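# here is my input; please provide its structure:
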Amino acid sequence: MVGRSQVTSLGLSQVSSLGPSQVSSLGPSQVSSLGPSQVSSLGPSQVSSLGPSQVNSLGPSQVSSLGPSQVNSLGPSQVNSLGPSQVSSLGPSQVSSLGPSQVNSLGPSQVNSLGPSQVSSLGPSQVSSLGPSQVNSLGPSQVSSLGPSQVSSLGPSQVNSLGPSQVTSLGPSQVSSLGPSQVSSLGPSQVTSLGPSQVNSLGPSQVSSLGPSQVTSLGPSQVSSLGPSQVNSLGPSFQDVLSVPLLASHSPSLSHTAKQAKQTNIHAAICKLSCALSIHTYVYIYITKYMSPSLCYIMVG
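Predicted coordinates:
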């Protein structure tokens, strides 16, 4: 059996001349003893012959020495066998060479180990191949590194899998790149997590795609950030939402002063909404005393 020292002494031409069956017969310790230049001399067919345990034995410097064609030759099971430190050692060109099935084979911990520059190097087809659990494993810095074309390639189920902190990390340009079907897939808690600048970046077609439960989840500061064109596009949605429990989250333990303060903030937001709407819009607000739900009746004529 060829020892580690013998494997290390093989020249580049000798390594590249090894057949797939010879490469697959190497033990993990022999594979890990190969130098970066030896690993980079392996052809795609040789790399694809490596078993998961052999791939897992590669060190970060060996992994980073693989060329795009070598990385692309790895099967899903081989890609899945890479540890977090191996995944994080991949360069942007290596990451972009991964096929959709390879990207989909990455586990949540592997996806989470990708750096912002690696995430930004993913193509739209790679991003769309990520499963909901993979998307949910991305950290805020990773999410914020996605470009508009990457964000727009996310499917409704992927968008819906984003946590509140991930949604908050999206920049205005990323939010504005979301399509109507993506915006309509956002849950109430996701909509609530949007900051005023994010809400303000939504286009009329995005705003009009919001459903009743999404519209009612908007807070006073979010409503206040809406521009005239955005508010006018809300017409159909608001016609369906004839009663909105604005103070449903109030606690019975709130003092009368605290209730008045919250009612004042809500009233200010609704007044701004009323001013932004067309002259034919009438806003009627009925706030019951103490802890009865507040109802905002909005009629668009």
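
# for stretch 34-44, C-alpha coordinates in CSV please.
Output of stretch 34-44 as CSV, limited to C-alpha atoms (Å, rounded to 0.1, in the frame of the first residue of the first chain):
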residue,chain,number,x,y,z
LEU,A,34,-1.7,15.7,-1.1
GLY,A,35,-0.4,19.2,-1.6
PRO,A,36,-2.6,22.0,-3.0
SER,A,37,-0.7,21.9,-6.4
GLN,A,38,-1.3,18.1,-6.5
VAL,A,39,-5.0,18.5,-5.8
SER,A,40,-5.3,21.2,-8.5
SER,A,41,-3.6,18.8,-11.0
LEU,A,42,-6.5,16.3,-10.7
GLY,A,43,-8.9,16.3,-13.6
PRO,A,44,-12.7,16.6,-13.2
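
# which parts of it are buried?
Using 16 or more other Cβ atoms under 10 Å as the test for burial, stretch 34-44 gives 34-36, 38-43. All C-beta spots, glycine's among them, are computed from the backbone N, C-alpha and C.

# again with stretch 12-29
Neighbour count says stretch 12-29 has 15, 18, 23, 26 buried, by 16+ other Cβ under 10 Å.

# now the two most distant members of those.
15 and 26 (10.5 Å; Cβ to Cβ).

# now do the domain split for this structure, please.
For the chain, automatic domain parsing gives the domain ranges 1-133, 195-301.

# lowest mean pLDDT across those domains, which one is that?
Mean pLDDT is lowest for domain 195-301 out of those, coming in at a mean of 59.

# that older thread, now render the buried residues of stretch 34-44 as a markdown table, adding secondary structure.
Formatted as a markdown table, the buried residues of stretch 34-44 follow (DSSP: H, G, I helix; E, B strand; the rest coil):
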| residue | secondary structure |
| --- | --- |
| 34 | coil |
| 35 | coil |
| 36 | helix |
| 38 | helix |
| 39 | helix |
| 40 | helix |
| 41 | coil |
| 42 | coil |
| 43 | coil |
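
# re the thing from before, got a markdown table for the domains of the chain, with distance to residue 163 too?
Listed next are these as a markdown table, based on distance: least, Cβ to Cβ, whole Å:
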| stretch | distance to residue 163 |
| --- | --- |
| domain 1-133 | 11 |
| domain 195-301 | 15 |
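
# the stretch 151-300 of the chain: helices as residue ranges?
156-160, 164-168, 172-176, 180-184, 188-192, 196-200, 204-208, 212-216, 220-224, 228-233, 235-240, 256-276 (DSSP state H, counting those that start in this stretch).

# in contact with the nearest residue to residue 174 once chain neighbours are set aside: list those residues for me.
Distances taken as Cβ to Cβ, 6 or more residues apart in numbering put residue 151 closest to residue 174, at 4.7 Å, once the chain neighbours are dropped. By Cβ atoms under 8 Å, 6 or more residues apart in numbering, the residues touching residue 151 are 170, 174, 177-178.

# over to residue 93?
By Cβ under 8 Å, 6+ apart, the residues touching residue 93 are 68, 121.

# let's see that with 7 Å instead.
Counting by Cβ atoms under 7 Å, 6 or more residues apart in numbering, residue 93 makes contact with residue 68.

# inside helices: which ones of the buried residues of stretch 12-29?
With DSSP state H as the criterion, helices contain 15, 23 from among the buried residues of stretch 12-29.
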